[in-house]
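Novice: mind folding the following:
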Amino acid sequence: MAEKGKAAQPKQEEKGGGFLTNIRLTRSAAIQIAALGIVLAVAVILRVLPLRWGDYLNEYDPYFWYRIAEHIAQNGYASYFTWHDTLSWYPQGRDIALSSYPGNPFTAVFIYQLLNAVQIKVSLFSVAMYFPVLMAVITCLVAYFFGKDFGGKATGIFSALFMAISPSYISRTVAGFFDTENIGIFGMVATPFLFLRSIRKENTLQKSIIYAVAAGLTMGYAFASWGAARYISSLLLLFIGVMLVLGKIERRHIISYATTTIVGFLICLPIPRLGVAYIMNIENLAALGAIGLLVLYEVIKTKLPESKARLATVGLVAIGVLALILLPYIGIGNPIVGKWAKVLNPFAEASALYTSVGENQVASWDTFFSDFGITIFLAAFGAYMILKEGGEDRHYILLFFLTSVYFTGTLVRLTLILAFPASLLAAYALVKIIESFRPIIMKTEETGSKRRKVQALVLSKGLSIVFIVLLLGSIVPHTLNASQAATYPGPIVYSGVPVFINGTYANDWINALAWLKANTPADSIVCSWWDYGYWIETMANRTTLADGSTMNRTQIVNIANMMMMPQNKSLPLMQKYDVDYVVLFISYNPNTGEEWPYGDNAKWTQMVNIAGLDLTDYLQYDTTQGTYVYTEAFANTTIARLMYGIPDEAHFTLAYDSPTGWVLIYKVEY
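Specialist: Numbering: from 1, shown residues only. Here you go, the predicted structure:
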């Protein structure tokens, strides 16, 4: 009996040890879940801060997407494909299906209908307000799993955290920013996450295909929602090309890449804006052509010795690159033109209309520091580390980081695509740095037959405190910058002038749009600079000549001429477009009269350039005064006379003057 008791004792201890181990694992999992929950809560809190200023959509474009969602909710999904919008770009209007993406408004309407179907009564406007926050949370969650796959749970947590507090990402996902980037960045993170899982060596064929199909679906969803989604497929193509040159392509890569690419492009086919024409873009033809190239490589690899197969592979890649360059010259495939060509080559010539958009400017070093703070340095260090490590996922993320850094430098708005690779690499580097201090801070001691870890302060207390303060302090400015970016209201809230007037923001634009809707005939034609078109169409429900899509350059040139011509010459042009009202925006300090560079009083120089006029005819440098002065030609322009209240009263009557005097609405008589 005693022997049985002794024999049973170790089993009891083993059982007890297993139970305690399970408890420890459960606690570890609970800590991970709690940390992730805190990160996601931070992501939500930062993005709802603008609500302190009221429930308004952010920026200009979200008003366009909300108007589409509103139309779909009222008329059904099929109405999107046949809607010719007569409220914009008068007189020709706009074919919505051929000039926009359905992903954003379709998703919002689906969520709205689903919630109301289960008796959760919400308005479509509320869905549009909070949809960006929802997509940010989902994206941060995917970033966690991506980071976990890449470098462990800690890397996952920090990846999600850095995404949650990234100012460049916050600026596009705050409450009210109902725009295409919400889905686009999700696709940019989810597609490689799923694709890299699909090419794991340990996968069964079925598992690889499931992940590859999921990657194709997320890529297709991004295609259906965001113009810049072509970057996702192009980056995937670049990764496959690099792996091919390195001789690391296996059958699993071919299956996953072909599945992902084909599924993604199949989703493009029924979308009017995309369709076959989109697939005929040269980079998309290259993505599809790469499938054939990979199959050919697989055949060559089995028929030739390794050395000859490698040489043949390099030759195939060279042929593919040459075809990519030459095919457009023989009429096969659409070449890369317009803003996409400008992104690839920042030294290429750009139109005056393109350069007039602030988001199209070249990024400065200050942009990198303000948007990324310490994370950009950590990310650079992380890139160096993974370059030394190697590995398929390392190759992909390194390409992701390097290309996004380049594109961010060519176009300031593309800081958005750098947010995730910078967050992932910064998280990876931070975790590795912390781990490198563990052998110093933790000292292992042998005591008898048992081995245990005990805390040992190897560094001095002062140096340890300095290290901790510096580590935390380096992240604090970045976090504060994120908080400031999140707190900032949209331009409709501060009427385009981000300055407090008597302790608050002026609401001139909100009042002006409300007046326009209530006090003008429903069929009125409104002329304004293109920036304000979406506001006028959506909030005032009035017809405009141009809006933020800038889809008709000729019409914008004509508007610029209307503004810069003398009134006797601009009136016939206005009459040609049946203009009933002219809306102007002039920004100045109401207390001192000093002009601020936010309204048409600053934008008129863009109008001069877009109209093809000579700026020196309107603005000249006075050497005696050491400053620029307006010429008589400028004083006689229509925009100057209307802005400064000296119009031809026989043809222009001031119908509305906003409370601060920033927004002026003139009635036109012919």
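
Novice: from here on, contacts and neighbour counts on C-alpha atoms
Specialist: OK.

Novice: can you pull up the most central residue in the chain?
Specialist: Glu181 (4.1 Å; Cα atoms, centre = their mean).

Novice: so Leu36 touches Ile157, yeah?
Specialist: Yes: using Cα atoms under 8 Å as the test, Leu36 is close enough to Ile157 to be in contact (6.2 Å).

Novice: please tell me I have it right and the residue nearest to the centre of the chain contacts Trp226.
Specialist: Yes: with contact defined as Cα under 8 Å, Glu181 reaches Trp226; the gap is 6.4 Å.

Novice: for Ala97, which non-adjacent residue is spatially closest?
Specialist: Excluding the flanking residues, the one nearest Ala97 by Cα to Cα, 6 or more residues apart in numbering is Phe81, at 5.1 Å.

Novice: buried stuff in stretch 578-594?
Specialist: 578-588 (16 or more other Cα atoms under 10 Å).

Novice: from the chain's centroid, how far away is that stretch?
Specialist: 31 Å (Cα atoms, centre = their mean, to the nearest Å).

Novice: so who does the residue nearest to Ala97 touch?
Specialist: 96-97, 272 (Cα atoms under 8 Å, 6 or more residues apart in numbering).

Novice: can you tell me which of those is closest to Val497?
Specialist: Taking Cα to Cα as the measure, Ile96 is the one of the contacts of Phe81 closest to Val497, at 30.9 Å.

Novice: so where is the stretch 501-650 of the chain shaky, pLDDT-wise?
Specialist: Within the stretch 501-650 of the chain, no stretch has pLDDT under 70.

Novice: all strands for it, in order.
Specialist: 525-527, 543-544, 581-585, 619-622, 627-630 (DSSP state E, counting those that start in this stretch).

Novice: now swap in the stretch 101-250 of the chain and tell me
Specialist: Using DSSP E, counting those that start in this stretch, strands in the stretch 101-250 of the chain do not occur.

Novice: in it, which spans are helices?
Specialist: 103-117, 124-151, 153-164, 167-170, 181-198, 205-223, 230-245 (DSSP state H, counting those that start in this stretch).

Novice: helices and strands around the longest one, which ones?
Specialist: This points to helix 124-151. helix 2-48, helix 61-75, helix 103-117, helix 153-164, helix 181-198, helix 415-441 (3 or more Cα pairs under 8 Å, 6 or more residues apart in numbering; DSSP states H and E).

Novice: for Glu389, which of the ones you listed is the nearest?
Specialist: helix 415-441 (12.5 Å).

Novice: off-centre distance for the closest one?
Specialist: 22 Å.

Novice: cool, stretch 554-564 as well?
Specialist: 30 Å.

Novice: could you number the chain from 810 rather than 1 from now on?
Specialist: Shifting the count to begin at 810 puts that one at stretch 1363-1373.

Novice: what residues does it touch?
Specialist: Residues from elsewhere that reach stretch 1363-1373 (Cα under 8 Å, 6+ apart): 1336-1339, 1354-1355, 1359, 1378-1380, 1382-1383, 1413, 1416-1417, 1419-1420, 1443, 1446-1448.

Novice: so how far is the first residue of stretch 1336-1344 from its last?
Specialist: Taking Cα to Cα, to the nearest Å, the first and last residues of stretch 1336-1344 lie 13 Å apart.

Novice: who touches it?
Specialist: 869-870, 872-873, 897, 1322, 1353-1357, 1359, 1365, 1368-1369, 1388-1393, 1409.

Novice: now stretch 992-1012
Specialist: 912-913, 944-945, 947-948, 951-952, 955, 1016-1021, 1023-1025, 1027-1028, 1030-1032, 1034-1035, 1037-1038, 1041, 1045, 1061-1062, 1065-1066, 1069, 1201-1202, 1225-1226, 1229.

Novice: in that stretch, what's buried?
Specialist: Buried-residue list, stretch 992-1012, by 16+ other Cα under 10 Å: 992-1009.

Novice: where does the protein have low pLDDT?
Specialist: 810-834, 1115, 1156, 1159, 1163-1175, 1246-1283, 1285.

Novice: how is it carved up into domains?
Specialist: Using automatic domain parsing, the domains assigned to the chain come out as 1243-1296, 1317-1477.

Novice: those domains: which one's closest to Ile1185?
Specialist: That would be, of the domains of the chain and by Cα to Cα, domain 1243-1296, which comes in at 10.5 Å.

Novice: quick one: end-to-end distance for that closest one.
Specialist: 32 Å.

Novice: one more: stretch 970-977?
Specialist: Using Cα to Cα, the two ends of stretch 970-977 sit 14 Å apart.

Novice: ok, and what's touching that stretch?
Specialist: 848-849, 851-852, 855, 945-946, 949, 952, 978-979, 1180-1181, 1184, 1224-1225, 1228-1229, 1232-1233, 1236, 1287-1288, 1290-1292, 1294-1295.

Novice: isn't Tyr1390 up against Ile1334?
Specialist: Yes: using Cα under 8 Å, Tyr1390 makes contact with Ile1334 at a distance of 6.5 Å.

Novice: returning to that earlier point: helix/strand/coil for the residue nearest to Ala906?
Specialist: helix (DSSP: H, G, I helix; E, B strand; the rest coil).

Novice: residue contacts, Thr895?
Specialist: Thr895 neighbours (Cα under 8 Å, 6+ apart): 901-903, 1352.

Novice: let's see if you can find the most crowded of these.
Specialist: Within the contacts of Thr895, most neighbours by other Cα atoms under 10 Å means Thr1352, with 26 neighbours.

Novice: how much space separates Ile1049 from Phe955?
Specialist: Distance from Ile1049 to Phe955, by Cα to Cα: 19 Å.

Novice: how about stretch 1142-1162: buried residues?
Specialist: Buried, per 16+ other Cα under 10 Å, within stretch 1142-1162: 1142-1144, 1148, 1151-1152, 1155, 1162.

Novice: tally of neighbours for Gly1036?
Specialist: Neighbour number of Gly1036 under other Cα under 10 Å is 16.

Novice: how far away is it from Asp988?
Specialist: For Gly1036, the distance to Asp988 equals 11 Å [Cα to Cα].
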